[in-house]
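> sequence unknown, structure follows:
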């Protein structure tokens, strides 16, 4: 710092922090991640905080090129604090392996809601509205090259649409400039086995889209 800058600081004409070198982008991002990870467990914006065991923030590579977005935690996720750890999680891991990916390696997984709706009911509009800013901040920090929205609520939230999954599938959308593919939620596929072929087609499309970037 120059003597002139020191004098200005001493005189209260400029905050000292402005006169120092700016922190690196990596340090800024680390600080924002920390703030976000502290904010989610403390959130009481909707009624779900009264019934949750714990929040389910997300898991994976925070610099991932692939980001997968689901709906909300289930019972196992609520118990363990990690998304997609039950039977749906095993199916998701198999789906990732089929296109050469692995949980935690260049992949980040999160949900629209960070708290489990009681009885695994559908999220309510107010709950989605209160929780979506957390998801959007996660996406902004990760800056993925491609997003896969799994299930109706993930797709409708990120695309600001009320269309059905069947009508949204089969196209490449953009979320804040990031290509986005819509597919079925793994929990849905466990109940509707014939649609696994359609989900596979979505994954192939996602892999093809990533290769073209």
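That came through, no problem. Given the structure is predicted, the values throughout are model-derived calculations rather than measurements.
> and residue 155, what element?
Per DSSP states H and E: residue 155 is located in helix 152-159.
> swap in residue 56?
Going by DSSP H and E, residue 56 is not in any helix or strand.
> would you confirm that it contacts residue 81?
Yes: if you go by Cβ atoms under 8 Å, residue 56 and residue 81 touch, sitting 5.8 Å apart. For every residue, glycine as well, the C-beta is placed using N, CA and C.
> looking at those two, which is more packed in?
Using other Cβ atoms under 10 Å, the more surrounded residue of residue 56 and residue 81 is residue 56, with 27 against 15.
> what is the least confident helix or strand in this protein?
When the helices and strands of the chain are scored by mean pLDDT, DSSP states H and E, helix 16-19 comes last with a mean of 40.
> check which element follows it along the chain.
Next element after helix 16-19 (DSSP H and E): helix 25-42.
> quick one: distance of that following helix to the chain centre.
How far helix 25-42 lies from its chain's middle: 14 Å, per Cα atoms, centre = their mean, to the nearest Å.
> try stretch 43-62
12 Å.
> same thing with stretch 159-172?
Its chain's C-alpha centre and that of stretch 159-172 lie 18 Å apart, by Cα atoms, centre = their mean.
> and stretch 191-207, by the same measure?
Distance, centroid of stretch 191-207 to centroid of chain: 21 Å (Cα atoms, centre = their mean).
> and what of stretch 139-149?
7 Å.
> per-residue pLDDT, the most centrally placed residue in the chain?
For the chain, residue 110 is the residue whose C-alpha lies nearest the centre (Cα atoms, centre = their mean; 3.8 Å). The per-residue pLDDT reported for residue 110 equals 97.
> element containing it, please.
Here residue 110 is assigned to strand 107-111, by DSSP H and E.
> distance of the nearest residue to residue 82 once chain neighbours are set aside relative to residue 81?
Sequence neighbours aside, residue 59 is the residue nearest to residue 82 in space, at 5.2 Å (criterion: Cβ to Cβ, 6 or more residues apart in numbering). Using Cβ to Cβ, to the nearest Å, one gets 9 Å for the distance from residue 59 to residue 81.
> picking up where we left off before, dig out what the residue nearest to the centre of the chain forms beta bridges with.
residue 69 (DSSP bridges).
> again with residue 148
The partner residues for residue 148, given DSSP bridges, come to residue 68, residue 181.
> per-residue confidence for it?
So, for residue 148, pLDDT stands at 98.
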